[in-house]
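Participant: What would the 3D arrangement of this be:
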Amino acid sequence: MDYEKLLDKARKELPEAVFTAERFEVPKVKGHIEGNKTVISNFNQIVTTLRRDIQQVMKFILKELATPGEMRRSNLILGRKISASMINEKINKYARTFVLCSECGKPDTKILKEGNVSFLKCLACGAKHPIKSKI
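Facilitator: Below is the predicted model:
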């Protein structure tokens with residue numbers, strides 16, 4: 001058999017998930033409304049998945065949602081009622097801006113500060129991009 005036929009045969013025998021599975025997935029917000037406040041009970045898990053400083057992520061979320069908030073144990077308490085979909089949207093925005101590489105799309109990045117400018121350095125492909133948003 002020639003190379004092309006062998007390659008086609010190998011692709012047909014592989015499970016479909018190999019080509020479509022996403023390696024990086026931000027956990028969805030779990031929480032509840034408590035009076036006038038929203039409690040996010042899995043905030044530590046989300047921050048651990050993003051591999052960023054908990055204070056930085058919290059500051060971004062509070063600023064984006066325009067609400068006061070605080071950490072109590074492992075819960076993030078937001079100062080008003082907010083839907084889970086809106087919180088998930090802001091967390092995904094944080095991930096796109098401060099975690100995912102704009103070149104290869106991988107989450108293997110770190111934030112470097114050079115002077116007044118912050119850069120997102122990808123450890124997978126080596127790309128380095130300035131971060132346009134401030135926290």
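
Participant: switch to C-alpha atoms for all contacts and neighbour counts from now on
Facilitator: Fine.

Participant: which residues touch the residue positioned nearest the centre of the chain?
Facilitator: When Cα atoms, centre = their mean is applied to the chain, the residue found nearest the centroid is residue 95 (3.1 Å). Neighbouring residues of residue 95 by Cα atoms under 8 Å, 6 or more residues apart in numbering: residue 50.

Participant: Show me the beta-bridge partners of the closest residue to residue 117 other than its chain neighbours.
Facilitator: Distances taken as Cα to Cα, 6 or more residues apart in numbering put residue 130 closest to residue 117, at 6.9 Å, once the chain neighbours are dropped. In this entry, residue 130 is beta-bridged to residue 119, by DSSP bridges.

Participant: Quick check: the gap between residue 130 and residue 118.
Facilitator: 6 Å (Cα to Cα, to the nearest Å).

Participant: Need the three-state assignment for the nearest residue to residue 92 once chain neighbours are set aside.
Facilitator: Nearest non-adjacent residue to residue 92, counting by Cα to Cα, 6+ apart: residue 26, 7.4 Å away. The three-state assignment at residue 26 reads coil, by DSSP: H, G, I helix; E, B strand; the rest coil.

Participant: from what I can see residue 26 touches residue 47, true?
Facilitator: No: contact criterion Cα atoms under 8 Å: residue 26 and residue 47 do not qualify, at 9.1 Å.

Participant: Give me the more crowded residue out of these two.
Facilitator: Of the pair residue 26 and residue 47, residue 47 is the one with more neighbours under other Cα atoms under 10 Å, namely 19 against 15.

Participant: Shouldn't that one be within a helix?
Facilitator: Yes: counting by three-state DSSP, residue 47 is located in a helix.

Participant: Now it. Nearest residue, chain neighbours left out?
Facilitator: residue 54 is the one closest to residue 47 (Cα to Cα, 6+ apart), at 6.0 Å.
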